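Trainee: Pasting the sequence and the predicted coordinates here, then a few questions.
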Amino acid sequence: MTIRIAVVDDHPVFRLGMAALLSSLDGVHVVVQAASRAEALTAITAADPAVDVVIMDLHLGDDSGVETTRELIRRLPEVRILVVTMLEDDESVVASVRAGARGYLLKGATPTEVERAVRAVANGEVILGPQVAARAMSYLSGARTAGPVPFPELTDREREVLDLVARGYDNTTISRRLVLSPKTVRNHVANVLTKLGVPNRSEALVLARERGLGGVTG
């Protein structure tokens with residue numbers, strides 16, 4: 001069976017190199033290359049026969065690979081996304097998995113690791129690089145023992161945004177840490193203020209810290 005691949009990355013050297021590597025593998029055919037969210041959504045949605053696996057970077061210029069992943073899976077539920085990125089922080093890993101990614105590799109991965117991940121994801125498996133897996137397990141273990149969730153009226157994403165607001169981060173920093181577009185972060189902040197019934201960001205920060213967000217325990 002041929003695995004049909006799309007490579008989505010805004011860096012042309014990496015994108016071309018990844019496409020060349022994948023094209024050299026038996027049974028793998030690169031059918032789409034894209035540098036932006038718009039290019040990826042248009043080309044992958046229109047591909048016939050359908051793309052099997054998408055290699056996705058998390059930073060696509062001003063666009064977010066996480067949001068692109070979420071939208072692709074909404075449009076094409078059968079497509080498998082393998083994130084290949086420089087980002088190894090907990091927030092990026094968890095955001096990608098929540099968006100529906102089936103695999104997560106760092107850009108330092110060897111050609112053998114890339115091939116193994118592509119074939120595993122195409123086969124329906126979930127695969128994380130060794131460093132990523134260790135960080136993810138640590139993050140999830142901590143989440144399971146964290147006790148009652150503050151602000152249950154908020155979505156998980158809104159709570160993540162509020163936690164970063166409570167740490168004193170501005171929207172630009174939050175968008176970078178959560179791999180979201182600045183517009184999406186602004187929308188989340190507005191939703192948080194509405195749900196919490198507070199008039200501004202400063203009061204949301206105070207309330208969040210009172211409930212233990214922002215690294216404040218009491």
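Mentor: Great, that's in hand.
Trainee: what's the helix or strand for the residue nearest to the spatial centre of the chain?
Mentor: By CA atoms, centre = their mean, the mean C-alpha position of the chain lies nearest to residue 96, the distance being 2.7 Å. Applying DSSP states H and E as the criterion places residue 96 in helix 90-99.
Trainee: next structured bit after that helix?
Mentor: strand 103-106.
Trainee: How far does that next one sit from its chain's centre?
Mentor: Relative to its chain's centre, strand 103-106 lies at 10 Å (CA atoms, centre = their mean, to the nearest Å).
Trainee: Over to stretch 47-60?
Mentor: Per CA atoms, centre = their mean, the centroid offset for stretch 47-60 relative to its chain is 14 Å.
Trainee: Could you list the buried residues of that stretch?
Mentor: 47, 51, 52, 53, 54, 55, 56, 57, 58, 59, 60 (16 or more other CB atoms under 10 Å). For every residue, glycine as well, the C-beta is placed using N, CA and C.
Trainee: Where strands are concerned, which of the residues you listed count?
Mentor: 53, 54, 55, 56, 59, 60 (DSSP state E).
Trainee: before we move on, the earlier item: how close does the residue nearest to the centre of the chain get to residue 16?
Mentor: 23 Å (CB to CB, to the nearest Å).
Trainee: can you list contacts of the helix or strand containing residue 183?
Mentor: Per DSSP H and E, residue 183 falls inside helix 182-196. Helix 182-196 has contacts (CB atoms under 8 Å, 6 or more residues apart in numbering) with 64, 67, 151, 153-154, 157-158, 161-162, 165, 171-172, 174-175, 178, 180, 199-201, 204, 207.
Trainee: Give me the ChimeraX select line for these, limited to the buried ones.
Mentor: Here is the ChimeraX selection string for the buried members of the contacts of helix 182-196, based on 16+ other CB under 10 Å:
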select :64,67,151,154,157,158,161,162,165,171,174,175,178,180,204,207
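Trainee: re the thing from before, show the average pLDDT along the helix or strand just after the helix holding residue 183.
Mentor: Proceeding N to C from helix 182-196, the next assigned helix or strand is helix 201-210, under DSSP H and E. Helix 201-210 shows a mean pLDDT of 91.
Trainee: Where does the record place the domain boundaries for the chain?
Mentor: The chain resolves into domains spanning 3-141, 156-210 when parsed by automatic domain parsing.
Trainee: Just the contacts of helix 182-196: which are in helices?
Mentor: 67, 157-158, 161-162, 165, 171-172, 174-175, 178, 201, 204, 207 (DSSP state H).
Trainee: a markdown table please, covering these and showing distance to residue 40.
Mentor: What follows is these, written out as a markdown table (distance: CB to CB, whole Å):
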| residue | distance to residue 40 |
| --- | --- |
| 67 | 11 |
| 157 | 21 |
| 158 | 26 |
| 161 | 25 |
| 162 | 30 |
| 165 | 30 |
| 171 | 24 |
| 172 | 24 |
| 174 | 24 |
| 175 | 19 |
| 178 | 20 |
| 201 | 33 |
| 204 | 34 |
| 207 | 38 |
